[in-house]
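> give me a 3D structure for the following:
(2 chains)
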Amino acid sequence: MLIGKAAGDLALSQQIKAEMVTVLPRLRRFAYGLTGSSHDGDDLAQAACEKALRSLDQLAPGSRLDSWMFRIAQNLWVDRWRSQQTRREQSFEPADMEHLATTDGAAAMHRRLDFADVRRQVSALPEDQRAVLLLVSVDGATYKEAAEILGVPIGTVMSRLARARLALGKALMQETKELPETARTKP
Amino acid sequence: MMTQQPRAWAESLLVAYVDGQLDAAQAEAVEQALREDPEARAIVGVLRSSAAAVKHAYDDVLDQPLPPGLRDLFSDVRPDGRAQATSKVVTFQPRRTFVRNLLPLAASVVALMIGFAAGYAVFAQSGKFMLAGDDPRGEFYLAALQQALENGNSGASQGYADTAAKVSGTVTIVGTVATTHLGTCREFRHDATTNAGTETSFGIACRSADGTWQVEVDGASGG
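Residues are numbered from 1 along each chain as shown, chains lettered A, B, ... in the order given. Next up, the predicted model:
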């Protein structure tokens, strides 16, 4: 009986591991976004997977494996990684804003905004806003899923997401020196 | 018309509207606010634009091989859990489709040319993507699409005949648009002929960093 159960557990854990492999690309992308670098992201993703594999017995039956893995990564990031990154995060913003303020308008208009610009601006967002943004606007989670992963109410997801998207949009528009369409609309 | 009244909306409601997370009644209320309030419209534009800008900003890791540490963790898992893609075309399968919000394609291409601030309304609506293995439209169509996208010239067309599925068709490139965030995108037209007649639809595919084409919009009806 016990042996049978152990064998069953082994088969189950192999099945879960196979499923985890299919989540890895998205987990790496999420961790990349949280940390701001693909290398640090992979370290975080690996730490999250190690923790998940150690605690497979805590995976509630019927719960979503991807949400569970994302939650572990997010918690690890908040607990362990954030303090290590704080200094680097803070060094981004002021210098860049100063640079932008002196950029020639016409040249900036034609400057190609690339993903590195976007990632830099995302890195400048507050931690809690960035996590929501990555879950919803990069990974495509519903607000409900994001709320479950982060352990916050949906209303909090909405307000953090709105702040993140507005801040990001404004920062990127400042980089392109373009005005929003409606700003030219006559009242 | 200047309005001094308190706003009938909140940013969080607008973001939920843009992301298609509101029920019909709530969405209707937001649309009413959008008709009346230019500030609300401006904010919706920003919320759309930022969603489109960030959506693919981290995608380069998706295709990168696993680093050794992660690979070792799963070394006992057989690699056949992952479906082999038969085509280089990677299709998007939106988890949630919002046909209601889909702009006419011609308008969306114009929006792409206008650039960032005008917003990629169409693209912001896409959900997660999956590999082409799940695509119900068949490898012949995808192969023709791939061929036409690679060729790239406006008017270039590529035919296919899928005898098993009893469908034949032509993929024609309508035009190419250089975008800031999505790279080179091509609008294509698909004429598919079955026993029931010929059906025309339109789509947009954008070339990703690794050179594959990602279909952002497909199957939008013409006109």
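
> longest helix in chain A, by number of residues?
Determined from DSSP state H, the single longest helix within chain A is helix A:2-35.

> quick check, whichever helix or strand comes after that one touching chain B?
Next in sequence after helix A:2-35, counting helices and strands by DSSP states H and E, comes helix A:38-54. Yes. For a cut-off given as CB under 8 Å from any CB of the partner chain, helix A:38-54 has contacts with chain B, namely A:38, A:41, A:42, A:43, A:45, A:46, A:49, A:50, A:53. All C-beta atoms are positioned from the backbone trio N, CA, C, and that covers glycine.

> which of those are buried?
Among these, those that count as buried by neighbour count (16 or more other CB atoms under 10 Å in any protein chain shown) are A:38, A:41, A:42, A:43, A:45, A:46, A:49.

> can you add pLDDT and distance to residue A:15 and give the residues of helix A:38-54 next to chain B back as CSV?
Shown next, in CSV, are these (pLDDT from 0 to 100; distance: CB to CB, whole Å):
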residue, pLDDT, distance to residue A:15
A:38, 93, 29
A:41, 95, 26
A:42, 96, 25
A:43, 95, 27
A:45, 97, 21
A:46, 97, 21
A:49, 97, 16
A:50, 96, 19
A:53, 94, 13
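
> closest to residue B:66 among those?
Nearest to residue B:66 among the residues of helix A:38-54 next to chain B, counting by CB to CB, is residue A:42 at 8.3 Å.

> can you pull the contacts of that closest one?
Taking CB atoms under 8 Å, 6 or more residues apart in numbering or on different chains, we find residue A:42 in contact with A:28, A:31, A:32, B:61, B:67, B:69, B:70.

> next one: residue A:161
For residue A:161, the contact set (CB under 8 Å, 6+ apart) comprises A:129, A:132, A:133, A:136, A:137, A:143, A:146, B:12, B:15, B:19.

> do residue A:10 as well
Contacts here follow CB under 8 Å, 6+ apart; on that basis residue A:10 touches nothing.

> state the distance from it to chain B.
Relative to chain B, residue A:10 is positioned 11 Å away (CB to the nearest CB, to the nearest Å).

> circling back to that earlier point, and of the contacts of residue A:42, the nearest to residue B:187?
Closest to residue B:187 out of the contacts of residue A:42 is residue B:61 (28.4 Å), distances taken as CB to CB.

> in terms of helix, strand or coil, where does that closest one fall?
helix (DSSP: H, G, I helix; E, B strand; the rest coil).
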